[in-house]
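Colleague: Okay, predicted coordinates and the sequence, questions at the end:
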Amino acid sequence: MTLHALAPNLWHAQHQFSVFGIQASSRMTVVRFANGQLWLHSPIRLTPELQAAVSNLGEVAWLVAPSKMHHLFVGDWQRAFPQAKLYGPRGLARKRPDLTTLQPLPEQALPEWADELLQLPIRGIPAMGESVWLHRASETLILTDLCMWIMGDVPASSRAYASLMGVRKAPNVSRLVRFVTRDKPAARDSIRQMLQWPISRVILGHNTVLEQDAKATLLQALNWFER
């Protein structure tokens, strides 16, 4: 779990894990603001090495659980960085009553984030409660599970799961996300608004970062919402 630079003031790290025998990965994204404060999206398993690497970048000011499905390790990070404010989707507090400092994510970026990030909740998929962000300076879109692509040399269990979910051959909306979508027109409206942003790179929550033709690839991947 090493931090890798993607652009100035933008890093990511991946956590490999196994669930029900399926090998998977999850990604944390770190944004450093102009004042040196750090914004951590979807914190992964905390290790002493990762804690030190993040601390060397600046002051951890905000921890963000970006959906109701990505929150497992935020409590560990909150204990390691008690000064950091913790945000998550509405409804997560019922699922994680132990996160006593959790605050609901607002509808748009907080004033202290707005110069660095655009923010948008994806409506119509309440089981996820996912919000998406754009790192303005690098035109990097930060997603969680809205779009997935399990590509490359991954274990057989991962290949099988990705094929089952329809996210092995190309970026796509997984069958799981399709199943839990309750208001497709509302989700479509949110996605259309997101696609108006200037997007040059897409960070996916699992496995892949889209670097080449990112916006066109994303547009094709999310086409299910337009059908």
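Modeller: Structure received.

Colleague: ranges for the strands of this structure?
Modeller: For the chain, the strands defined by DSSP state E cover 4-7, 10-19, 22-32, 37-41, 59-64, 85-88, 103-104, 117-121, 131-135, 140-142, 201-203, 209-210.

Colleague: Please produce JSON lines containing these, extended by distance to residue 172 and mean pLDDT.
Modeller: For the C-beta atoms, the positions are set from N, CA and C on the backbone; glycine is no exception. Below are the strands of the chain laid out as JSON lines (distance: least, C-beta to C-beta, whole Å; pLDDT from 0 to 100):
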{"stretch": "strand 4-7", "distance to residue 172": "22", "mean pLDDT": "97"}
{"stretch": "strand 10-19", "distance to residue 172": "20", "mean pLDDT": "83"}
{"stretch": "strand 22-32", "distance to residue 172": "16", "mean pLDDT": "86"}
{"stretch": "strand 37-41", "distance to residue 172": "22", "mean pLDDT": "98"}
{"stretch": "strand 59-64", "distance to residue 172": "25", "mean pLDDT": "98"}
{"stretch": "strand 85-88", "distance to residue 172": "26", "mean pLDDT": "97"}
{"stretch": "strand 103-104", "distance to residue 172": "30", "mean pLDDT": "96"}
{"stretch": "strand 117-121", "distance to residue 172": "20", "mean pLDDT": "97"}
{"stretch": "strand 131-135", "distance to residue 172": "17", "mean pLDDT": "97"}
{"stretch": "strand 140-142", "distance to residue 172": "16", "mean pLDDT": "98"}
{"stretch": "strand 201-203", "distance to residue 172": "13", "mean pLDDT": "98"}
{"stretch": "strand 209-210", "distance to residue 172": "12", "mean pLDDT": "96"}
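
Colleague: check contacts around residue 218.
Modeller: Applying C-beta atoms under 8 Å, 6 or more residues apart in numbering to residue 218 gives the contacts 141, 147, 171, 195, 199, 202, 210.

Colleague: quick one, which of the strands of the chain is packed in tightest?
Modeller: Mean neighbours per residue, mean count of other C-beta atoms under 10 Å, is largest over the strands of the chain for strand 140-142, with a mean of 26.

Colleague: Packing partners of that strand?
Modeller: Secondary-structure packing of strand 140-142 (3 or more C-beta pairs under 8 Å, 6 or more residues apart in numbering; DSSP states H and E): strand 131-135, strand 201-203.

Colleague: what's in contact with that strand?
Modeller: For strand 140-142, the external contacting residues (C-beta under 8 Å, 6+ apart) are 6-7, 10, 29, 41, 66, 132-135, 194, 197, 199-203, 214, 218.

Colleague: 7 Å - rerun?
Modeller: Contact with strand 140-142 is made by 6-7, 10, 29, 41, 132-135, 197, 199-203, as judged by C-beta atoms under 7 Å, 6 or more residues apart in numbering.

Colleague: cool, stretch 35-52 as well?
Modeller: Residues outside stretch 35-52 that contact it (C-beta under 7 Å, 6+ apart): 1, 13, 15, 26-33, 54, 57-64, 66, 70, 73-74, 76-77, 80, 113, 133, 142, 144, 205.
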